[in-house]
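Student: structure for this input, please:
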Amino acid sequence: METLPTRLTGIILLEPHSFGDERGLFFESWNARDFDEKTDQSVTFVQDNHSGSKKAVLRGLHYQLPPHPQGKLVRVVVGAIFDVAVDIRRSSPTFCSWFGVELSAANRRQLWIPPGFAHGFLALSDWAEVLYKTTDYYAPELDRSIRWDDPEIGIEWPIEGEPILSDKDAGAPYLGEAEVFA
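Tutor: As a prediction, this is how the structure comes out:
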């Protein structure tokens, strides 16, 4: 696995070593020892989530507050998405900054999003399936969202027209009104 730098401290793009021949391919999608060594972090995942979305579905921006914040390791197993992390730590020098990258079944890249960041993605392909591991269990009472199109954040989503949103995401507050990390 290789780690690729991003402009936000804590956000790490991972590129696994893939081995292919005429039969197909093989790669390790998760190896705790390699992750620890390459990122200088030790994480324990407690939950795996699997999401399927048709083209133009936008999910997010989601996060979970303390005392049960979630770190997420995101990858795509079918299709492609534009994956986004937003720094929502008020004390951070990059507060309100975002990082976006295409994750796909073809490029096999993964994005590590630690606690303190909101996460969202846009399905770019006709159908996309996303797997993500979390460092804490889902706690609905701590689940929060921020509007995907908040002008203060200014995410440049690669979409023409309006995305397909859930009612929850369409009604999410702007960053200035949202509960965020200290």
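Student: use CA for all of it now, contacts and neighbours both
Tutor: Noted.
Student: count the neighbours of the closest residue to Gly71 other than its chain neighbours for me.
Tutor: Across the structure, with C-alpha to C-alpha, 6 or more residues apart in numbering as the measure, the residue nearest Gly71 apart from its sequence neighbours is Pro114 (4.1 Å). By other C-alpha atoms under 10 Å, 22 other residues sit near Pro114.
Student: ok, Pro114 touching Leu13?
Tutor: No: at 11.8 Å, Pro114 does not count as touching Leu13 under the criterion of C-alpha atoms under 8 Å.
Student: pull the contacting residues for Pro16.
Tutor: Met1, Glu2, Phe27, Glu28, Ser29, Arg108, Arg109 (C-alpha atoms under 8 Å, 6 or more residues apart in numbering).
Student: for the closest residue to Trp98 other than its chain neighbours, list each beta-bridge partner.
Tutor: Leaving aside its chain neighbours, Trp98 sits nearest to Val86 (4.3 Å; criterion: C-alpha to C-alpha, 6+ apart). For Val86, the beta-bridge assignment (DSSP bridges) gives partners Trp98, Ala118.
Student: please name the residues that touch Val86.
Tutor: For Val86, the contacting residues are Phe95, Cys96, Ser97, Trp98, Phe99, Phe117, Ala118, His119, Ile153, taking C-alpha under 8 Å, 6+ apart as the criterion.
Student: try 10 Å this time
Tutor: Neighbour list for Val86: 8, 11, 61-63, 94-100, 113, 116-120, 146, 153, 155 [criterion: C-alpha atoms under 10 Å, 6 or more residues apart in numbering].
Student: quick one, strands of the protein?
Tutor: 2-4, 12-15, 18-21, 24-27, 47-54, 58-64, 72-78, 80-87, 98-104, 110-113, 117-123, 127-134, 143-145 (DSSP state E).
Student: counting by contacts, list what the first one packs against.
Tutor: It refers to strand 2-4. Judged by 3 or more C-alpha pairs under 10 Å, 6 or more residues apart in numbering; DSSP states H and E, strand 2-4 is in contact with strand 12-15, helix 32-39, strand 110-113.
Student: alpha carbons of the second one, as PDB, please.
Tutor: Taking Å, rounded to 0.1, in the frame of the first residue of the first chain, the C-alpha atoms of helix 32-39 are listed here in PDB:
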ATOM      1  CA  ALA A  32      -3.800  -3.300  10.000                       C
ATOM      2  CA  ARG A  33       0.000  -3.600  10.300                       C
ATOM      3  CA  ASP A  34       0.600  -1.800   6.900                       C
ATOM      4  CA  PHE A  35      -1.900   0.900   7.800                       C
ATOM      5  CA  ASP A  36      -0.300   1.500  11.100                       C
ATOM      6  CA  GLU A  37       3.200   1.700   9.600                       C
ATOM      7  CA  LYS A  38       2.300   3.900   6.600                       C
ATOM      8  CA  THR A  39       0.000   6.300   8.400                       C
END
